[in-house]
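Enquirer: okay, predicted coordinates and the sequence, questions at the end:
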Amino acid sequence: MNFNHKIIWITGASSGIGKSLAFALSKEHTKLILSSRNEAQLNAVKNACEHPENVNILPLDLEDYINLPSKVEEALSLYGAVDILFNNGGISQRSFVKDTSIAVDKRLMDVNYLGTVALSKALLPHFIEKNSGHFVVITSIVGKIGTPLRSSYAASKHALHGFFDSLRAEVYDRNIKVTLACPGFVQTNISINALTGNGTAQNKLDTAIKNGLTPEAFVEKLLKAVRQKKQEVYIGGFKEKLAVYVKRFFPKLLSKMIRKFAVT
């Protein structure tokens, strides 16, 4: 796949992976739509892109999933079409199950799962009408493997795999592609913004995140996978990727390994 002249929509575009995606794709002469809750940061990202004249911002809140269909209408009015949607927006969690309020569980599902699903479902008729499109969903290695302090986050990411695997099977004959990308540890603010058991932000950078891939390195591998139209890709360090295959073939061994993992 060549990204040139593609119309690409990125959620979670104000920082981290989404910001790096915007920078990388702007160099490929695309037309971009950047979304997140923070309009000021979106404007800063736009102005730092190589071709800001080909970038529009569209603030939205994934948690307000009931109103996302109107955001799709706005997005389509900007360029007349969308070719690729990068579902990148979301939040994480750092708390034990016993300490996590049900309100936190609900918020994780509202933002990570229902927000992403609602936006994708609202855009799907457009993809069907033009008989082409590509959903790229940033999930997590934790979307394949549940680990301590990530119960609600893992649940929301596991749910995305179930939904988009089903969608892929339903639209295969419509020339609509689905790529599920599972990051390991990437140097973003995800752990700083992660919710604790009472819903407040952790406000601390995890050591594993600090030592993870740079967003630029992650994006390079991600775009390669999207070009190849891969169905699923794991992008991270050796241990994170190894864990996926250990779970597949030696699940009891992985259970023992996870108990010994550092939880932050």
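Expert: On my side now, so go ahead. Numbers count the residues shown, from 1 in each chain.
Enquirer: any buried residues in the helix or strand containing E170, and which?
Expert: Here E170 sits within helix 151-171, counting by DSSP states H and E. Residues 151-161, 163-164, 167-168, 171 are the ones in helix 151-171 that count as buried (16 or more other Cβ atoms under 10 Å). (Each C-beta comes from the backbone N, C-alpha and C, glycine too.)
Enquirer: give me the phi and psi for L180.
Expert: Backbone geometry at L180, expressed as degrees, to the nearest 10, gives phi -100, psi 120.
Enquirer: please report how far it lies from K230.
Expert: L180 sits at a distance of 9 Å from K230 (criterion: Cβ to Cβ, to the nearest Å).
Enquirer: which of the two has more neighbours?
Expert: Neighbours per residue (other Cβ atoms under 10 Å) separate L180 from K230, with L180 holding more: 24 against 16.
Enquirer: neighbours around the closest residue to the more buried one other than its chain neighbours, how many?
Expert: Nearest non-adjacent residue to L180, counting by Cβ to Cβ, 6 or more residues apart in numbering: E232, 4.6 Å away. Close neighbours of E232, defined as other Cβ under 10 Å, add up to 19.
Enquirer: E232 touches F164, doesn't it?
Expert: No. Contact criterion Cβ atoms under 8 Å: E232 and F164 do not qualify, at 9.5 Å.
Enquirer: let me see the contact set for the residue nearest to L180.
Expert: 179-182 (Cβ atoms under 8 Å, 6 or more residues apart in numbering).
Enquirer: so can I have JSON lines of those showing pLDDT?
Expert: Listed next are those as JSON lines, based on pLDDT from 0 to 100:
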{"residue": "T179", "pLDDT": "98"}
{"residue": "L180", "pLDDT": "98"}
{"residue": "A181", "pLDDT": "98"}
{"residue": "C182", "pLDDT": "97"}
